[in-house]
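Chemist: From the sequence below, what's the structure:
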Amino acid sequence: GDSWGIFTFLCAALCNLPALPALNCTEELGAGQSIQKTYDLTRYLEHQLRTLAGTYLNYLGPPFNEPDFNPPRLARAERVPSATVDLDLWRGLTDNARLAANYRAYSRLLCYLRALDGQAGTAELRHRLGHFCSSLQGLVLSIAGVMSSLGYPLPAGPPAPPGAPVAPNDFLKKMEDFWLLKELQTWLWRSAKDFNRLKKKVPPAVVTLRLEARGF
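Modeler: All right, here's what the predicted structure looks like:
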């Protein structure tokens with residue numbers, strides 16, 4: 001009937017269409033999603049550190065666990081990567097330079113935290129430190145992934161392990177631990193801002209349309 005005639009006509013029309021190039025849609029999942037993942041991990045570590053720092057400072061005891069305790073930074077603490085850089089100077093760096101600085105800093109901070117894990121006096125504290133170290137290791141790997149996805153090389157060479165002599169007394173050792181946690185808190189706060197700005201510059205996914213001509 002009429003329906004069969006229309007179907008036959010459409011088939012004939014389709015068969016006689018000129019060859020068209022195929023449209024291939026490829027979704028490249030890379031830098032944007034990697035940056036988002038790193039940002040989320042940084043914020044998670046910020047939250048995790050608040051709990052860990054409270055527990056550890058209570059373990060150190062007064063005056064380290066007092067809210068208004070703000071001692072000057074000792075020369076011995078200078079081996080811990082400092083985040084106290086002028087914000088305008090920091091923002092003036094390239095994305096590559098900031099990512100490399102974050103990668104180096106967290107690699108070094110992770111070494112010091114693992115040393116704390118071996119010295120912790122309670123099972124609960126060792127558990128918290130171990131869990132935090134695992135998360136921080138994930139952040140180091142995640143930053144490396146962001147750098148790779150953006151085409152940036154990783155900083156050359158492994159991080160130098162802590163090599164300073166043991167603190168001469170218990171108070172100075174506690175002071176070093178205090179500054180380690182304080183600097184780590186500042187690094188995470190600034191890194192969260194860095195990755196928040198970076199994810200606005202790089203879309204979460206790029207859709208690439210590629211024409212593949214056939215028969216040419």
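Chemist: what pLDDT does the residue nearest to Gly30 when sequence neighbours are not counted get?
Modeler: Closest residue in space to Gly30, ignoring its immediate chain neighbours: Ser149 at 4.5 Å, by C-beta to C-beta, 6 or more residues apart in numbering. No exception for glycine: its C-beta is placed from N, CA and C like everyone else's. We have a pLDDT of 92 for Ser149.
Chemist: before we move on, what about Gly54?
Modeler: pLDDT, Gly54: 92.
Chemist: who are the neighbours in contact with the residue lying closest to Lys201 once chain neighbours are set aside?
Modeler: Closest residue in space to Lys201, ignoring its immediate chain neighbours: Asp95 at 7.8 Å, by C-beta to C-beta, 6+ apart. Contacts for Asp95 (C-beta atoms under 8 Å, 6 or more residues apart in numbering) come out as Leu150, Tyr152, Leu198, Lys201.
Chemist: now swap in Lys199 and tell me
Modeler: So Lys199 contacts Gly32, Ile35, Gln36, Tyr39 (C-beta under 8 Å, 6+ apart).
Chemist: A helix includes the last one, no?
Modeler: Yes: with DSSP: H, G, I helix; E, B strand; the rest coil as the criterion, Tyr39 is located in a helix.
Chemist: neighbours around it, how many?
Modeler: When counting by other C-beta atoms under 10 Å, one arrives at 21 neighbours for Tyr39.
Chemist: circling back to that earlier point, taking the contacts of Asp95 together, which two end up most distant?
Modeler: Tyr152 and Lys201 (13.9 Å; C-beta to C-beta).
Chemist: mean confidence for the helix or strand harbouring Leu180?
Modeler: Using DSSP states H and E, Leu180 sits within helix 170-201. For helix 170-201, mean pLDDT is 91.
Chemist: what do you get for stretch 85-98?
Modeler: Rounded mean pLDDT across stretch 85-98 is 88.
Chemist: In that stretch, which residues are buried?
Modeler: Judged by neighbour count using 16 or more other C-beta atoms under 10 Å, the buried positions of stretch 85-98 are Asp95, Arg98.
Chemist: Could you list the alpha-carbon positions for it in CSV?
Modeler: The C-alpha coordinates for stretch 85-98 follow below in CSV (Å, rounded to 0.1, in the frame of the first residue of the first chain):
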residue,chain,number,x,y,z
VAL,A,85,55.0,34.1,51.1
ASP,A,86,53.5,37.4,50.1
LEU,A,87,50.2,36.7,48.4
ASP,A,88,50.7,39.1,45.6
LEU,A,89,54.1,37.6,44.9
TRP,A,90,52.6,34.1,45.0
ARG,A,91,49.8,35.0,42.6
GLY,A,92,52.3,36.5,40.3
LEU,A,93,53.9,33.2,39.7
THR,A,94,53.0,31.0,36.7
ASP,A,95,50.6,28.1,37.2
ASN,A,96,53.6,25.8,36.6
ALA,A,97,55.7,27.5,39.3
ARG,A,98,52.9,27.3,41.9
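Chemist: and that stretch, how far from the chain's centre?
Modeler: Stretch 85-98 sits 16 Å away from the centroid of its parent chain (C-alpha atoms, centre = their mean, to the nearest Å).
Chemist: Nothing else from me, thank you.
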